[in-house]
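Asks: Build me a model from this:
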Amino acid sequence: MTAIKHALQRDIFTPNDERLLSIVNVCKAGKKKKNCFLCATVTTERPVQVKVVKVKKSDKGDCYKRQVAWALRDLAVVDAKDAIKENPEFDLHFEKIYKWVASSTAEKNAFISCIWKLNQRYLRKKIDFVNVSSQLLEELPKVTEESVPSGENQSVTGGDEESVDEYQELNAREEQDIEIMMEGCEYAISNAEAFAEKLSRELQVLDGANIQSIMASEKQVNILMKLLDEALKEVDQIELKLTSYEEMLQSVKEQMDQISESNHLIHLSNTNTVKLLSELEFLVNHMVLAKGHLNALMDAELASSRGIEACTSAADALLQCMNVALQPGHDMLSAVKSQQLFFVSLRENFARKLASHLNNVFVQQGHDQSSTLAQHSVELSLPNHHPFHRDLLRYAKLMEWLKSTDYGKYEGLTKNYMDYLSRLYEREIKDFFEVVKIKMTGTTKESKKFATLPRKESAVKQETESLHGSSGKLTGSTSSLNKLSVQSSGSRRSQSSSLLDMGNMSASDLDVADRTKFDKIFEQVLSELEPLCLAEQDFISKFFKLQQHQSMPGTMTEAEDLDGGTLTRQYNSGMPLPVSSEKDMIRQMMIKIFRCIEPELNNLIALGDKIDSFNSLYMLVKMSHHVWTAQNVDPASFLSTTLGNVLVTVKRNFDKCISNQIRQMEEVKISKKSKVGILSFVTEFEEFAGLAESIFKNAERRGDLDKAYTKLIRGVFVNVEKVANESQKTPRDVVMMENFHHIFATLSRLKISCLEAEKKEAKQKYTDHLQSYVIYSLGQPLEKLNHFFEGVEARVAQGIREEEVSYQLAFNKQELRKVIKEYPGKEVKKGLDNLYKKVDKHLCEEENLLQVVWHSMQDEFIRQYKHFEGLIARCYPGSGVTMEFTIQDILDYCSSIAQSH
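Replies: The predicted structure is shown next:
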């Protein structure tokens, strides 16, 4: 181990100015690895640094290398595992715990003892030694660094070096001193005993000199001792004086303590007084109502503007006093309790007076407003409630105060306002709609007689039933309404009005001026209702302090698609709706106040349909426009919802009437003795489409009109073909040709974009049936010639060559000449003349298609003539057989016949 220690000192620690004090051969506990050495070292330079270094032998060769170094000050605990039994294991606690197993217990003990001594001499922090034998922990005399000789300041102790380590290397200064001493003696190396004896003699000489010096200084020591005795006496005297001074200061201290305690009590008293004054000022400033406010609340002068302002300010001040945030303990003061009870009583009295006054204002305003109904009864306008709203808005802040302080009275005022105003608005709106009905029909009695207009019995019965009852709601089957909801679920708007019996009441029989008048009256009705509802809703929001929140677009889809009758019954039933927000409360109040608007609108729409079925188109456009405008402002408002419900109801009737019109088309019967001509429902569709296009020219939305167009045109197509198949007097092709020509002309003139496909289909049907009629009719003038050449074509089709057809007995040249001779030019002209007369009998005068058909027949006749000439040239070559008339003759015949008729 000594050799290893020398090698480590030489190779590793000397180059780093370190000295190796102790070494132990260890390996890690629980692991089979190569051994290493733990070394305890100190630096040779000040300040001394003590380290524990881990050294490992290199894998290649016998050299050693330094692995890890820990400062001894970082060592917290040394655990020897067992203080009694010998155990080579021990732990060192640095930043983590390192477990080691020494090669022998002696090496472990020597290393731990060295660590303990180094800790005692160099470190202020004491390392904890656990499970270490007390014999290893020997106390060392405390030696300061100043007491160590300058030549030995690098050792652990000046004279106990061997106790730390059995070998210590000389430092540079020691080596220099020994060299100088040995140079002074020539035989220092050759005769070591003589050199040692010389040194011993010199040491004895020095010891003797020291003793003599001590003996010579005895006199001086005595003098020094005397001086020390005198100094002690002086110290005693000073201590006596200090004792007297201390007694005097103790008395002063007691007096100062009493003064300090008095000052503390005075300061505490002042602090408490300031705090009490602050609390009293807080209570007085926040819980005492000014005399002016108190008088205003007790007098409750609410008739004048100045009194209202005073009451508003006083009510706000009272609310602030009642809502003041009291500190803990304030509510236990009797004065505070009394003041709070007074505030509660004052609040209740003022709230009662305010509610009573506002109820009187509601009643009085209802009477005053009723007095103005007479002048509006003759005008087509609704009374203006702006002055009433303006007067009431002066109380808006008081209503807000009442809402926050006494919600019961606030709710009672809300109900009273709805009761009074609903009766007032009901009278005004009913009188207004009576004036509207008079304007529309002339007299009230006359409007009742419109139910007896000439109609089919079934239509009259249906409309009479639809108007039966005071509610005035248009009724219909649930199944048709459900069908409407499904058909219109993808649309944002509904259509109003309906097409009632277009076949029985032609637009040509009604005055256009009356329709214009109805359109203006209906527009004025909606224009009067809309600002009335919006103004009332805005007033309710401001007066009752209810917030109006904008809804997301598209929230009205379900309402539009629902059964309008069901919604109307909910509104009119008077059942309280669940109020989930202030917005719902506004809607609920509007529903109760204007509960008569929707039934009156339904009555007016029913009356408009009875006066003129085409009025429904005007109502459709106007109602759609107002619904669209209302939804853009607020989709969930009362006005938007109400108009939407009316639109749903009217849309249901509109779809139902379209279905009735198609059913009437299916029930059309034609006379067996007269020609058909243009069917009535075709003409009526033209009239309806022309009027609808003029009305919907600038409409925002026309989707339902396009759907009605599609249904009606499909019904027209189907029933035209049905009538054509049933026609006996007029050929089927003529009926189809004339009616589809009329439909095509109508659609081309009106340019309805949604019916482009139907327009093309009508044109195709007209062309096909024109060609079919021409071909069918031309088979008669040259009947035998047609039969002859059909036989020729049949023989060719059977495989006989065209030039060999003339050898067939039935189709030889003689037979051909015989057939041709039967149709000279005169006979052909006569046949064409008869054909012209027959076509003229088939065609109607309204459509004026005679010349078109005649020209088509001329072209077809010429085509057949050319076909016959071609067959003669191919099947009878060189025979010299030709027709007895030419193409020019045909043109002349047709022209002269057309001119003669």
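Asks: hey, which strand is longest across this structure?
Replies: Across the chain, the strand with the greatest residue count (assigned by DSSP state E) is strand 18-28.
Asks: Residue 332: neighbour count?
Replies: As a burial measure, residue 332 scores 9 neighbours (other CB atoms under 10 Å). In this view, the C-beta of every residue, glycine as well, is placed from N, C-alpha and C.
Asks: That one and residue 340: what is the separation?
Replies: 12 Å (CB to CB, to the nearest Å).
Asks: returning to what we had before: mind exporting the C-alpha coordinates of the longest strand of the chain to CSV?
Replies: The C-alpha trace of strand 18-28 is given here as CSV (Å, rounded to 0.1, in the frame of the first residue of the first chain):
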residue,chain,number,x,y,z
GLU,A,18,-1.8,18.5,-3.3
ARG,A,19,-0.6,16.2,-0.5
LEU,A,20,-2.1,12.7,0.1
LEU,A,21,-3.0,12.1,3.7
SER,A,22,-4.9,8.8,3.7
ILE,A,23,-5.9,6.1,1.2
VAL,A,24,-8.4,3.2,1.2
ASN,A,25,-8.9,0.5,-1.5
VAL,A,26,-12.6,0.2,-2.2
CYS,A,27,-15.2,-1.1,-4.6
LYS,A,28,-18.9,-0.2,-5.0
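Asks: Residue 68: what secondary structure?
Replies: strand (DSSP: H, G, I helix; E, B strand; the rest coil).
Asks: so what's it closest to, chain neighbours aside?
Replies: Distances taken as CB to CB, 6 or more residues apart in numbering place residue 54 nearest to residue 68, at 4.4 Å, with adjacent residues excluded.
Asks: host element of the one you found?
Replies: Under the criterion of DSSP states H and E, residue 54 resides in strand 50-57.
Asks: tell me which strands and helices that strand is in contact with?
Replies: Under the contact criterion of 3 or more CB pairs under 8 Å, 6 or more residues apart in numbering; DSSP states H and E, strand 50-57 touches strand 36-43, strand 64-71, helix 105-122.
Asks: which sections of the stretch 601-750 of the chain are below the confidence cut-off?
Replies: Applying pLDDT under 70 to the stretch 601-750 of the chain picks out residues 673, 700.
Asks: Mind doing that once more with 80?
Replies: Low-confidence segments of the stretch 601-750 of the chain, defined by pLDDT under 80: 612-618, 620, 633-636, 649-650, 652-657, 660-661, 668-676, 698-701, 727-729.
Asks: before we move on, back to that, you'd agree the residue nearest to residue 68 is up against residue 36?
Replies: Yes - Residue 54 is in contact with residue 36 according to CB atoms under 8 Å; the separation is 5.8 Å.
Asks: Which one's more surrounded, these two?
Replies: Ranked by neighbour count (other CB under 10 Å), residue 54 and residue 36 place residue 36 first, with 19 against 16.
Asks: how about that one, what does it touch?
Replies: For residue 36, the contacting residues are 25, 26, 27, 54, 55, 56, 57, 67, by CB atoms under 8 Å, 6 or more residues apart in numbering.
Asks: what sits against the fourth one?
Replies: Okay, so that is residue 54. Residues near residue 54 by CB under 8 Å, 6+ apart: 36, 37, 38, 39, 66, 67, 68, 69.
Asks: Can you give me the domain boundaries for the chain?
Replies: Listed by the TED database, the domain ranges of the chain are 1-136, 199-286, 288-369, 374-443+510-547+580-665, 668-779, 781-900.
Asks: Quick check: mean pLDDT of stretch 894-901?
Replies: Averaging pLDDT along stretch 894-901 gives 76.
Asks: quick one: contacts of that stretch?
Replies: Under the contact criterion CB under 8 Å, 6+ apart, stretch 894-901 has outside partners 829, 832, 833, 836, 837, 840, 851, 854, 857, 858, 861.
Asks: Repeat that for stretch 710-729.
Replies: Counting by CB under 8 Å, 6+ apart, 658-659, 661-662, 665-666, 668, 670-676, 679, 681-682, 685, 688, 732-733, 735-736, 739-740, 743, 754-755, 758, 761-762 sit against stretch 710-729.
Asks: Tell me, please, the helix or strand in this protein that averages the lowest pLDDT.
Replies: None of the helices or strands of the chain scores lower by mean pLDDT, DSSP states H and E than helix 478-487, at a mean of 30.
Asks: Could you list every helix and strand in contact with the helix or strand following that helix?
Replies: Note on helix 478-487: by DSSP H and E, the next helix or strand toward the C-terminus is helix 512-543. On a contact count with 3+ CB pairs under 8 Å, 6+ apart, helix 512-543 meets helix 386-392, helix 396-405, helix 407-441, helix 582-593, helix 597-611, helix 615-633, helix 638-666.
Asks: can you give me the helices for the stretch 801-901 of the chain?
Replies: Counting by DSSP state H, counting those that start in this stretch, the stretch 801-901 of the chain has helices at residues 813-821, 825-842, 850-875, 887-900.
Asks: And these: which comes nearest residue 429?
Replies: Among these, the nearest to residue 429 by CB to CB is helix 850-875 (59.1 Å).
Asks: picking that back up, got the domains of the chain as CSV, with distance to residue 186 columns?
Replies: Formatted as CSV, those follow (distance: least, CB to CB, whole Å):
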stretch, distance to residue 186
domain 1-136, 32
domain 199-286, 14
domain 288-369, 104
domain 374-443+510-547+580-665, 121
domain 668-779, 136
domain 781-900, 162
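Asks: Quick one: closest of the ones you listed to residue 178.
Replies: Closest of these to residue 178 is domain 199-286, at 11.2 Å (criterion: CB to CB).
Asks: Can you pull out the low-pLDDT segments for the stretch 801-901 of the chain?
Replies: Within the stretch 801-901 of the chain, the segments meeting pLDDT under 80 span 825, 827, 831, 838-841, 844-851, 878-880, 884, 893, 896-901.
Asks: hmm, back to that, just so I know, which of the helices and strands packed on helix 512-543 lies nearest residue 313?
Replies: Proximity to residue 313 (CB to CB) singles out helix 396-405 among the helices and strands packed on helix 512-543, at 9.3 Å.
Asks: Residues contacting that closest one, please?
Replies: 308, 311-312, 315-316, 319, 322, 347, 351, 354-355, 358, 409-410, 413, 542-545.
Asks: Longest helix in this structure, please.
Replies: The longest helix of the chain (DSSP state H) is helix 218-287.
Asks: Which neighbouring elements make contact with it?
Replies: Applying 3+ CB pairs under 8 Å, 6+ apart, we find helix 218-287 packed against helix 305-322, helix 334-370.
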